[in-house]
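Peer 1: Next comes the sequence, and after it the predicted model I'd like to discuss.
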Amino acid sequence: MKKILITGGAGFIGSHVVRLLVNKYSQYHIFNLDKLTYAGNLENLSDVDDAINYTFIKGDITDEEFVNSLFKKHKFDSVIHLAAESHVDRSITDPLAFAKTNILGTMVLLNSFKSLWQNKWEGKLFYHVSTDEVYGTLGETGLFTETTSYDPNSPYSASKASSDHFVRAYGETFGLPYVISNCSNNYGANQFPEKLIPLFINNILNNKSLPVYGDGKYTRDWLYVVDHAIAIDIIFHKAKLGETYNIGGFNEWQNIDLIRLLCEQIDEKLNRKEGQSEKLITYVKDRPGHDLRYAIDASKINKELGWSPSVTFEEGLSKTIDWYLENEEWMKRIISGEYVDYYKNQYK
């Protein structure tokens with residue numbers, strides 16, 4: 001069986017990728033390496049726990065000796081690297097943690113992959129999953145393309161930009177086969193509630209304030225996480241080595257408009273009075289280095305690989321709200337911290 005290592009597979013995006021590949025490809029053995037920090041939740045993958053082509057490994061990608069031993073033991077044919085510190089606000093509080101995980105962790109994986117195969121690259125691939133935030137910020141017009149110059153503005157985006165550069169450098173210097181994708185903001189089921197959409201869904205359900213940075217006119221391109229997982233699958237199997245692909249939803253929303261739509265849909269689903277939840281909106285002091293606008297040009301992956309989003313934002317948001325309404329206990333376990341017990345109970 002082809003052995004594929006997915007890093008960060010217990011996280012939000014990673015869990016959707018793991019589930020898709022485990023269920024779709026019985027000829028692959030999927031190894032999920034995750035440190036299970038605060039945002040890693042194995043409960044997200046309870047439906048594939050017992051699959052014969054799935055193995056979970058708890059560990060830290062920055063631990064060079066440990067990672068080297070994994071590569072020697074399992075001889076992974078390919079790596080899909082998603083593990084990362086990803087929350088901009090946290091990167092402002094603790095930049096060094098982001099540098100360690102996102103830069104050093106990526107280099108450790110690259111070194112282990114290179115050392116294992118030593119130029120015997122046929123059928124091998126290192127797939128690095130990155131973010132559109134490496135490109136910096138846009139004005140009111142224009143789109144990020146694969147050739148847009150890097151201009152990161154936060155410790156998070158700077159650490160991801162650096163990791164992108166190291167992947168390309170290993171490709172140029174050592175011939176390591178790689179592809180990179182840079183995606184826009186993801187949303188969907190199982191997202192840790194520090195991010196905007198699950199945070200605000202939970203706050204609306206509990207009649208808590210909805211804190212909006214600045215004037216709320218920051219603009220993001222939103223991508224349904226299931227569509228992102230499908231794009232990763234397609235890139236992994238069909239992309240040309242050494243290429244970069246931007247993955248976006250062709251779906252720009254100002255934060256304040258997104259929040260109003262969220263309030264409207266939840267009020268309708270819960271039979272609340274029209275406008276009830278919108279009264280919870282509270283404007284708060286802006287964060288440092290806040291990028292004005294992100295917008296992805298995803299025409300390359302569409303034209304070359306045939307990928308396009310499967311749902312509109314309104315449809316995807318409705319599905320997302322429904323999932324959180326149907327899984328309120330999941331949210332309660334996250335907020336209380338009880339979700340960390342899943343690993344202890346499942347992997348005694």
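Peer 2: Looks like it came in fine. Computed from a prediction, not measured in an experiment: that's the story for all the values here.

Peer 1: List phi and psi for N185.
Peer 2: N185 adopts backbone torsions of phi -60, psi 130, taken as degrees, to the nearest 10.

Peer 1: for this structure, what helix or strand is lowest in average pLDDT?
Peer 2: Considering only helices and strands, the least confidently modelled element of the chain by mean pLDDT, DSSP states H and E is helix 341-346, at a mean of 77.

Peer 1: residues of it that come out buried?
Peer 2: By neighbour count with 16 or more other Cβ atoms under 10 Å, helix 341-346 contains the buried residues 342-343. Just so you know, the C-beta spots here come from the backbone N, C-alpha and C atoms, and that holds for glycine as well.

Peer 1: who touches that helix?
Peer 2: Residues from elsewhere that reach helix 341-346, judged by Cβ atoms under 8 Å, 6 or more residues apart in numbering: 36, 41-43, 46, 49, 58.

Peer 1: cool, and stretch 295-314?
Peer 2: Under the criterion Cβ under 8 Å, 6+ apart, residues 132, 138, 142-146, 181-184, 219, 221-224, 226-227, 230-231, 234-235, 238-240, 245-253, 261, 265, 319 lie in contact with stretch 295-314.

Peer 1: One more: stretch 264-280?
Peer 2: Applying Cβ under 8 Å, 6+ apart, the contact partners of stretch 264-280 are 201, 203-205, 207-210, 260, 262-263, 314, 317-318, 321-322, 325.

Peer 1: Give me the distance between the closest residue to F236 other than its chain neighbours and K35.
Peer 2: The spatially closest residue to F236, leaving aside those adjacent along the chain, is Y127, at 5.6 Å (Cβ to Cβ, 6 or more residues apart in numbering). Counting by Cβ to Cβ, to the nearest Å, the separation of Y127 from K35 is 19 Å.

Peer 1: now the strands for the stretch 201-348 of the chain?
Peer 2: If you assign secondary structure with DSSP state E, counting those that start in this stretch, the strands in the stretch 201-348 of the chain sit at 210-213, 219-224, 244-247, 252-254, 281-284.

Peer 1: Can you give the distance of the fourth one from its chain's centre?
Peer 2: What that stands for is strand 252-254. If you compare the mean C-alpha spot of strand 252-254 with that of the full chain, they lie 19 Å apart, counting by Cα atoms, centre = their mean, to the nearest Å.

Peer 1: That one packs against which elements?
Peer 2: If contacts are counted by 3 or more Cβ pairs under 8 Å, 6 or more residues apart in numbering; DSSP states H and E, strand 252-254 sits against strand 219-224.

Peer 1: Give the other helices and strands that the strand it packs on contacts.
Peer 2: Using 3+ Cβ pairs under 8 Å, 6+ apart as the contact criterion, the secondary-structure elements in contact with strand 219-224 are strand 185-187, strand 252-254, helix 255-269, helix 313-326.

Peer 1: what mean pLDDT does that strand have?
Peer 2: Taken as a whole, strand 219-224 has an average pLDDT of 93.

Peer 1: can you list contacts of it?
Peer 2: Judged by Cβ under 8 Å, 6+ apart, the contacts made with strand 219-224 from elsewhere in the structure are 132, 183-188, 247-255, 258, 292-296, 309-311, 313, 316, 319-320.

Peer 1: try stretch 158-178
Peer 2: Contacts with stretch 158-178, where a contact means Cβ under 8 Å, 6+ apart, come from 84-85, 91, 95, 98-99, 101-103, 106-107, 110, 113-114, 119, 121, 124-128, 130-131, 133-134, 150, 152, 180, 182, 241-242.

Peer 1: can I get the CA coordinates of that stretch in PDB?
Peer 2: Extracted in PDB, the C-alpha atoms of stretch 158-178 (Å, rounded to 0.1, in the frame of the first residue of the first chain):
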ATOM      1  CA  ALA A 158       5.600  35.600   7.800                       C
ATOM      2  CA  SER A 159       6.200  32.100   9.300                       C
ATOM      3  CA  LYS A 160       4.100  30.500   6.500                       C
ATOM      4  CA  ALA A 161       5.900  32.500   3.800                       C
ATOM      5  CA  SER A 162       9.200  31.300   5.200                       C
ATOM      6  CA  SER A 163       8.100  27.700   5.100                       C
ATOM      7  CA  ASP A 164       6.900  28.100   1.500                       C
ATOM      8  CA  HIS A 165      10.400  29.400   0.600                       C
ATOM      9  CA  PHE A 166      12.100  26.500   2.300                       C
ATOM     10  CA  VAL A 167      10.000  23.900   0.400                       C
ATOM     11  CA  ARG A 168      10.900  25.600  -2.900                       C
ATOM     12  CA  ALA A 169      14.500  25.800  -1.900                       C
ATOM     13  CA  TYR A 170      14.600  22.000  -1.200                       C
ATOM     14  CA  GLY A 171      13.100  21.500  -4.600                       C
ATOM     15  CA  GLU A 172      15.700  23.600  -6.300                       C
ATOM     16  CA  THR A 173      18.700  22.500  -4.200                       C
ATOM     17  CA  PHE A 174      18.000  18.800  -3.700                       C
ATOM     18  CA  GLY A 175      15.500  18.000  -6.400                       C
ATOM     19  CA  LEU A 176      12.900  17.200  -3.800                       C
ATOM     20  CA  PRO A 177       9.500  16.800  -5.600                       C
ATOM     21  CA  TYR A 178       7.000  19.200  -4.200                       C
END
